[in-house]
Structure formats: structure tokens, C-alpha cells
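Here's my sequence, what's the structure:
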Amino acid sequence: MSHLIYYGYYGGSCDDDLPLHICNECTTPEHGRVRSVAFIKKTFAFTDPSNPQEWRNGIINRDIIIIPEVLGSCNGGEPVEGTGYGDQQSKITGYNFEVAFKDPNYNDNAGFYNSLKRNRNLLIAYRTETKTHMSTNTVSIVPKSPISENLTDEVVWDVVVKFSQADLPEPFPTPEGIFECF
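Below you'll find the model as predicted:
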């Protein structure tokens, strides 16, 4: 009796689908700061997330909410490691992300943030200088509004958005005219 032994997985080995690294000596750097955020209903599907008309349609249908001017950061994703097999000590099974931002529109948004924190059906998109990044899984949203004792400090919404996913978000060109105050 013969036995068939197959090493690898359906579609090739783990090395087969590694794309080439792109090296460009004349690359333009992307500058930091989360400058805008958007919350997107998980039922909304983009064909091309860099297309401004798709965003406009989502905004008009209330599937997308834009917060155009924020001050924030993203942790880039903390790796989640699982057990490795063979000679591999561990393997990355995903990432935990935190996007933290401050929204200066404090006065009229308590109702908005109280509703937002209860919603379990939203994705986040966040904009840097020229690129936008989007989660593929739903997010948890933790808003607060700390008040300092300094007489000249502004009271702003201080928001932390958490999500987990298998891969890093793939940046795409920011759709023109979308992350503005309507």
C-alpha cells in the first residue's frame, strides 16, 4: 500500500506568494499624525476606497461619518503571537490596534459620542498626510472628555478606538474632498 505525503499547503509553499519589495530612491515620505477619522458601517462595501464618489454616497446614506479635523496617532499594531511549530518558536496570528485622537468639537457632541461607544457595527478609517488606512474588523470606541485645572486648556473629546485583525491595513490614496467639514 502506498501513502501520499504532501508537504506544503494548497496553492504552494509559504514562500511562493511573497511579493517583491519595492525600492524607490526618489520616494516621497508620508508624514505622520492621524488628521481625520471616519466611522463606516460594516455593511457598507467599497469597490474602490480611493474613489470620492463612493465616500459621498456613503456619507449621504449615513453609512459613513467623517470627523474631519483631529489630532491623533495609531500604535501601528501590537503583534498577537501564537504557538510556533517545528523550528519556529512562535507565529504572528494578528495585530491589536489602537487609534487615539482628540476631537476639538466638544460642545455639541456628547450625544454623538455616547451613541458611538455603544455601536458594535463600525469600522474605522484614519487619514495621515496623503494616505487613508481602514480596519477590516469592527471597532470598540472609548470616548472621554477630561477637564484639566488649567484655565486656558481646551476641553476636547479624547477618544481611543481599538480593533484586532489578521493583517496590517493597506494604505490607499486619500479620496479628494472627503475629509473636510461639510
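
Just give the nearest non-adjacent residue to residue 137, would you?
residue 165 (4.7 Å; C-beta to C-beta, 6 or more residues apart in numbering). (C-beta placed from N, C-alpha, C; glycine too.)

scratch that, residue 75 is what I was asking about
That would be residue 98: by C-beta to C-beta, 6+ apart, it lies 4.7 Å from residue 75.

pLDDT score for that neighbour?
pLDDT for residue 98: 98.

okay, now the residue nearest to residue 137: neighbour count?
Applying other C-beta atoms under 10 Å, we find 17 residues neighbouring residue 165.

quick one: pLDDT of it?
Residue 165 carries a pLDDT value of 97.

now the helices for the chain?
52-60, 110-118 (DSSP state H).

Distance from the longest strand along the chain to the middle of the chain?
The longest strand of the chain (DSSP state E) is strand 90-103. Computed by C-alpha atoms, centre = their mean, to the nearest Å, the chain-centroid distance of strand 90-103 equals 9 Å.

What lies in contact with that strand?
Strand 90-103 is contacted by residues 34, 37, 67, 70-84, 109, 124, 126, 135, 156-169 when judged by C-beta atoms under 8 Å, 6 or more residues apart in numbering.

From these, list the buried ones, please.
Using 16 or more other C-beta atoms under 10 Å as the burial test, the contacts of strand 90-103 include 34, 37, 67, 70, 72, 74, 77, 124, 126, 135, 156-157, 159, 161-165, 169 as buried.

Okay, now the unreliable bits of this protein?
1-16, 182 (pLDDT under 70).

Quick one: the strands in it, in order.
36-41, 64-67, 71-74, 78-83, 90-103, 122-127, 131-134, 140-144, 157-165, 172-173.

Mind listing the strands the fifth one pairs with, and their directions?
Sheet pairing here is set by DSSP bridges, and for strand 90-103 it gives strand 71-74 (antiparallel), strand 78-83 (antiparallel), strand 157-165 (antiparallel).

do the same with the second one
Strand pairing for strand 64-67, using DSSP bridges, gives strand 36-41 (antiparallel).

what about the residue lying closest to residue 146 once chain neighbours are set aside, distance to residue 24?
Spatial nearest neighbour of residue 146, chain neighbours left out: residue 158 (5.8 Å); criterion: C-beta to C-beta, 6+ apart. Distance, residue 158 to residue 24, by C-beta to C-beta, to the nearest Å: 37 Å.

do the same with residue 102
34 Å.

Who has more neighbours out of these two?
Counted by other C-beta under 10 Å, residue 102 and residue 24 do not tie: residue 102 has more neighbours, with 15 against 6.

That one bridge partners, please.
Beta-bridge partners of residue 102, as defined by DSSP bridges: residue 71, residue 158.
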